[in-house]
Each structure stands twice: as C-alpha cells, then as structure tokens.
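Student: Just need the structure, nothing else, for what follows:
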Amino acid sequence: MMPYLKLSGPPYEQGLCQGRALGEAIAHNLELYFHRFEVECKLSPTEARERGRRYLEALRRQSPAYTAGLEGIATGSGQPLVDIATLNVRYEIVYHQFGHEAPNGCTAFALMPAHSADGHLWMGQNWDWMEGVQGALQHITEPDGTRVLAFTEAGIFGGKIGLNSHGLGLCINGLVSKGDHWAGLGQPFHLRTYRALRQRTLEEAQKALLEPPHTSSANFLLGQGAKAVDLEVSPMGLARWEDPRQLVHANHFIAPERCGIEVPPIEWLDRSHHRAERLEQRLRAVEKPGLKDLQAALADREGAPYAVCRTPSPEEYALGEPYRTIVSVIMNLGTGELWISDGPPHENPYVRYVV
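Tutor: Presented below is the predicted three-dimensional model:
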C-alpha cells in the first residue's frame, strides 16, 4: 500500500517529517532520476545538479516557505540540498528536454455536479510516468488550519494532485511547446501546485497558477463547488477551457493556434489524443456517472499499452525507458473524499481517504 503521511507545522517541519519517513524512497527516486536524466535527457549528473543549483537560488527569492520545505526534506533524508532541489525542478529539466524527445503523460477529467450520480463535482486522473518512481499520499495541516490531501513523489515538497478542506481540487498534465526553457527560471511547476492547493477559492488558485513569468508549459485542471476550469499555460500564452458537462485533458494543447502556441512535431502527441478521446467517450457513455463508472473509465485498456490505463511497451523495456500509470486518483470535492490506486487501476485497488 502507498505510504500515507500526516504532516503539520511550518514548511521546514513538514519537509523534515517527509524526509525522515521516506528516506529510502527519496534515495531511490534520486538514483532513478539522475539515471534517467542521463539516459533520456542526455544530461550528466553534474549538468543536472547545476540546473538544480541555479533554480534553488531562484526559489529562495520566489518562495522562502517552499525553500524551507526543501531544506527540511534534505535534513530529514540525509541528502544534499542541491539534489533535493534538482528533484523538485525535475519537471523543468525533463520537459525542456522533452521538447525534442518523447515524454509520456497523464489523462485527467472533471465531471460537473449536474451530470454526476450524486450531484457533486468529481475530478480525477491517471498519473503516468517513469516506472519505479515512488510516491506517497500526504495529509497536511497548514498553520492557518487548511488541510491538504495530495499525492507527491518522495522528495518533492507540497503535493501536486489532490484537494483541500475548502473543497478545491487540482489535477495536472505535462505539456511542451517550443517556447519552453528551464533557464528562464520562472516559478517551477511544483511550486505552482504547492501554492494552488493551499488557496481558499478557485479564483485565488487560478491566480497562484498563472502568476508570471511562465517559462515552461503545463496544464492545470481546477475545481470547486459547481465549477471546474482547465488552464493551458505556456510561455507564449494561456488558454482557459470550461464545459457544462465535463472536461478532459491529456498531454496536448487543445487548440494551440488560438494562443499563438507552437508545438513541436512529436510522435507521442497521437497517443495523447487517443487517451483524451477514449476517456471522453467513457464518461459520456453513462448518463450520470458514479464512482464505479469513473474507476472503470480510468482502468480502460483500449489501445494498450498506450491506453488511458498505461503499461510499458516492449520497446520501452528494450530501451530501458519504461512508463506506466504510477497512481490513479479520483476525488469527490463535495464530500472531501479521495480514492487512490498504487499502480495501474486495472491491477490495483483504490483506497479511500478523507481530507
């Protein structure tokens, strides 16, 4: 079963507790990422750490609180701070390289209250990433009383997929565009998700995610109450999407030309379109989906291995670069419940938690 941590106090204390509790998993993730930086991103450990060092200097200015969290993780796990910083900006490092290489990604949804079985807003996603990455579910009580229930990778501070006690939910998708460049040192992806999950309103969360400058592309699916909004962000522009029934997003811009966004011609985008279309179909096949319908939709294997529920292909194993669904998350924002599977949901059960 996936580790479940209860954290509280100021950011340094939260990081310290994560570092102590997940020390072995953090060491494992650092070894895995530095290896994959070399294999897939053609970056030596020295080059990766230099990018992490430069971003750490920027983070000290952008968010002393987030930096304190990183310092706590480093102390608790016994790992060098620069390595923890490099891990926390691995999105910027990896996706910058993926503008020329082939990443794999996630499929997310939001189902509006008027179209769900119980009349609540539901959100969820499969998070597909490098096989072997270890994570945890964190239940965090902030000093102001806000509670956050969110998934994170071991060694990454704050959380990136989850909900809070104000009924705010967040799902994410990686995106690439030709304007992405890590050296712009804009607010990194994981700092944005950390800030968004601690907001009280949908408007405040959008503001946290959209604060300029944007030097890397990403998609953020936010919901609260009866409303959900999808935000496609790139260095060149922003697209905001809403729909009265449901929103679905994978790892491609829905209409990049509307925002002047130029997308590199990468083969994997076809797979992203397939996953989005398939999840859209599964959700529309039921008049008012409930939990079991949502679980079945995220466990869909049509088009395997490049399905909504992702498993590695033989070619990926041959290259030493396998990807799979690491976790599947479903959230009821009306009741504060979250279900999570530790691995692909067609093989692993969902476990229920409450914020």
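Student: switch to C-alpha atoms for all contacts and neighbour counts from now on
Tutor: OK.
Student: which stretches of the stretch 101-250 of the chain have low pLDDT?
Tutor: Filtered on pLDDT under 70, the stretch 101-250 of the chain yields the residue ranges 101-104.
Student: Which parts of it are helices?
Tutor: 189-196, 202-210 (DSSP state H, counting those that start in this stretch).
Student: how about JSON lines for those, with mean neighbour count and distance to residue 270 added?
Tutor: Listed next are those as JSON lines, based on neighbours: other C-alpha atoms under 10 Å; distance: least, C-alpha to C-alpha, whole Å:
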{"stretch": "helix 189-196", "mean neighbour count": "22", "distance to residue 270": "24"}
{"stretch": "helix 202-210", "mean neighbour count": "19", "distance to residue 270": "27"}
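Student: Which one, of those, ends up nearest to residue 233?
Tutor: Taking C-alpha to C-alpha, helix 202-210 is the member of the helices of the stretch 101-250 of the chain nearest to residue 233, at 7.6 Å.
Student: and the closest one with helix 189-196, angle?
Tutor: 160 degrees (axes from the mean of the first three to the mean of the last three C-alpha atoms, to 10 degrees).
Student: contacts for helix 202-210?
Tutor: 168, 192-193, 195-199, 220, 222-224, 233 (C-alpha atoms under 8 Å, 6 or more residues apart in numbering).
Student: Which one of the residues you listed is nearest to residue 108?
Tutor: So of the contacts of helix 202-210, ranked by how close each gets to residue 108 (C-alpha to C-alpha), first place is residue 220, at 9.6 Å.
Student: Test my guess that that closest one contacts residue 231.
Tutor: Yes: Residue 220 sits in contact with residue 231 when judged by C-alpha atoms under 8 Å, with a separation of 5.1 Å.
Student: I'd like the helices of the stretch 101-250 of the chain written out as TSV, with distance to residue 46 added.
Tutor: Output for these, formatted as TSV (distance: least, C-alpha to C-alpha, whole Å):
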stretch	distance to residue 46
helix 189-196	22
helix 202-210	30
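Student: Of the ones you listed, which is nearest residue 315?
Tutor: It is, among these and with distance given as C-alpha to C-alpha, helix 189-196, at 29.4 Å.
Student: more neighbours, residue 220 and residue 231?
Tutor: residue 220 (25 against 20; other C-alpha atoms under 10 Å).
Student: which residues touch that one?
Tutor: Counting by C-alpha under 8 Å, 6+ apart, the residues that residue 220 touches are 170, 171, 172, 173, 209, 230, 231, 232.
Student: the strands in this structure, which residues?
Tutor: Secondary structure of the chain (DSSP state E): strands located at 4-8, 107-111, 122-130, 135-141, 147-153, 161-164, 168-174, 218-224, 227-234, 237-241, 246-249, 323-332, 337-342, 350-354.
Student: For residue 284, give its distance to residue 109.
Tutor: 12 Å (C-alpha to C-alpha, to the nearest Å).
Student: avg pLDDT for stretch 341-348?
Tutor: Stretch 341-348 carries an average pLDDT of 98.
Student: Show me which residues of that stretch are buried.
Tutor: Buried residues in stretch 341-348, defined by neighbour count with 16 or more other C-alpha atoms under 10 Å: 341, 342, 343, 344, 345, 346.
Student: So what touches it?
Tutor: Residues contacting stretch 341-348 (C-alpha under 8 Å, 6+ apart): 1-2, 295, 298-300, 309-311, 324-329, 349-351.
Student: Quick one: distance of stretch 189-207 to the chain centre.
Tutor: In terms of C-alpha atoms, centre = their mean, to the nearest Å, the centre of stretch 189-207 is set 13 Å apart from its chain centre.
Student: The residue lying closest to residue 110 once chain neighbours are set aside - how many residues pack around it?
Tutor: The shortest distance from residue 110 to any non-neighbouring residue, by C-alpha to C-alpha, 6 or more residues apart in numbering, is to residue 123 (4.3 Å). Counted with other C-alpha under 10 Å, the neighbours of residue 123 add up to 30.
Student: Check residue 73 too.
Tutor: By other C-alpha under 10 Å, neighbour count at residue 73 equals 34.
Student: nearest residue to the residue lying farthest from the centre of the chain other than its sequence neighbours?
Tutor: Seen from the C-alpha centroid of the chain, the residue lying at the greatest distance (C-alpha atoms, centre = their mean) is residue 287, 28.5 Å away. Nearest residue to residue 287, sequence neighbours excluded (C-alpha to C-alpha, 6+ apart): residue 115, at 7.2 Å.
Student: what do you get for residue 24?
Tutor: residue 77 (7.9 Å).
Student: Hmm, residue 22 and the one you found touching each other?
Tutor: Yes: between residue 77 and residue 22 there is a contact at 7.3 Å, judged by C-alpha under 8 Å.
Student: Compare these two (neighbour count), which wins?
Tutor: The residue with more neighbours, out of residue 77 and residue 22, is residue 77; 25 against 22, by other C-alpha under 10 Å.
Student: For the more buried one, list the residues it contacts.
Tutor: Applying C-alpha under 8 Å, 6+ apart, the residues near residue 77 are 16, 19, 20, 22, 23, 24, 26, 27.
Student: Recalculate using a threshold of 6 Å.
Tutor: 19, 20, 23 (C-alpha atoms under 6 Å, 6 or more residues apart in numbering).
Student: What's the separation between the residue lying closest to the last one once chain neighbours are set aside and residue 177?
Tutor: Excluding its sequence neighbours, the residue lying closest to residue 23 (C-alpha to C-alpha, 6+ apart) is residue 77, at 4.6 Å. Using C-alpha to C-alpha, one obtains 35 Å as the distance from residue 77 to residue 177.
Student: Fine by me, we can end here.
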